[in-house]
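[1] Need a 3D model of the following:
(one chain, ligands or ions: 1)
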Amino acid sequence: MDLTIALLQFKPTRKSIEKNIQKIQRAMEGIKADLIVLPELSNSGYLYEKAEDLKPFSEENDGQGPFLSALIDISKTIESVIVTGYAEKDRSILYNSAIALSPQGPITNYRKTHLYDHEKMLFHPGDSGFKVFEWNTVKIGMMICFDWIFPEACRSLALEGAQIIAHPANLVLPYCQNAMVTRSIENRVFTITANRIGTEKLGDMNLNFTGMSQITDPSGAIRYRGPKDKATVHIITIDPNDALDKNLNPQNNLFKDRRLDLYQLVESREQ
Ligand code: ACM
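    Residues are numbered from 1 along each chain as shown. Below is the predicted model:
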């Protein structure tokens, strides 16, 4: 089966939901895709000193707020599902979240499990667990940026049946794009890392986001790697069913060959 997937790489503007909506609307004009992945924190930008400063640029996960409702409108026009990272507000608590939106509204919401560095000052650690949803018979999982360094994140999604991992990101370390090749190989899944570009400064924090958004297939082939510092939309067609076969060769099945009896010993050694 053919599925058209797209990623958007851009520079979210800090403290301006309107500008971010406009940038996304312009980038999406005229495109055709079944699944579109946007970067982490696409509504708010990244660096805030404290949660109170970020709150006005966050919204609830019901799809009624200005950012998510604008994206649902885009999803209606394109007839696609959109996965975006956004700052989520749940009463007074903030989460660094990703949400899947269809023309009918939100499908499912994921709260980032592994917070990176200063994010721990802004957000509560995610409590949603790893989420896989089905869209036109294809299973899609979500993880966010720094989740990449914990192989358990991608593995949990793949074991839940995800054929495609939608991975909104605001990457600052130089390792992730290469590591996602391994995530694809070891789980035999497609991964779509939609990263942002640009720099942000706050006090003595000075971040340079790495771009190079990437699509990797279950064999580990990099099907697309974007530029370091240019906004871009990239669209390719894949067969998501390529991710259903976990056999590396006639003797090795990457899921069935796992030695859970021995891994449990590793787990208990940590206690
Ligand atoms: C990151 O997780 N945004 C580095």
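[2] Which residues of the chain lie near the ligand?
    Proximity of the chain to the ligand, by Cβ under 6 Å from any ligand atom, involves residues 40, 116, 145-146, 170-172. Placement of C-beta: from N, CA and C, glycine included.
[3] Make CSV from those and add pLDDT and distance to I24 to it.
    What follows is these, written out as CSV (pLDDT from 0 to 100; distance: Cβ to Cβ, whole Å):
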residue, pLDDT, distance to I24
E40, 99, 14
Y116, 98, 23
C145, 98, 18
F146, 98, 23
N170, 98, 15
L171, 98, 19
V172, 97, 22
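[4] Relative to M212, which of the residues you listed is nearest.
    Top of the list for closeness to M212, among the residues of the chain next to the ligand and by Cβ to Cβ, is L171 at 8.1 Å.
[5] ok, how many other residues are close to Y263?
    Neighbour count for Y263, taken as other Cβ atoms under 10 Å: 10.
[6] likewise I72?
    18.
[7] Taking the residues of the chain next to the ligand, tell me the two that lie furthest apart.
    Across the residues of the chain next to the ligand, the two members that end up farthest from each other (Cβ to Cβ) are E40 and V172, 11.1 Å apart.
[8] Could you dump the residues of the chain next to the ligand into a markdown table with secondary structure and neighbour count added?
    Rendered in a markdown table, the data for the residues of the chain next to the ligand read as follows (DSSP: H, G, I helix; E, B strand; the rest coil; neighbours: other Cβ atoms under 10 Å):
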| residue | secondary structure | neighbour count |
| --- | --- | --- |
| E40 | coil | 29 |
| Y116 | coil | 19 |
| C145 | helix | 28 |
| F146 | helix | 23 |
| N170 | coil | 28 |
| L171 | coil | 25 |
| V172 | coil | 17 |
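[9] quick one: the strands in the stretch 101-250 of the chain?
    For the stretch 101-250 of the chain, the strands defined by DSSP state E, counting those that start in this stretch cover 105-111, 131-135, 138-142, 164-168, 190-194, 199-202, 205-208, 214-216, 222-225, 232-238, 247-249.
[10] Could you pull up the contacting residues of the closest residue to the ligand within the stretch 151-271 of the chain?
    Taking Cβ to the nearest ligand atom, the ligand has its nearest neighbour within the stretch 151-271 of the chain at N170, 4.0 Å off. With contact set as Cβ atoms under 8 Å, 6 or more residues apart in numbering, N170 has these partners: 39-41, 46, 85, 145, 195-196, 209.
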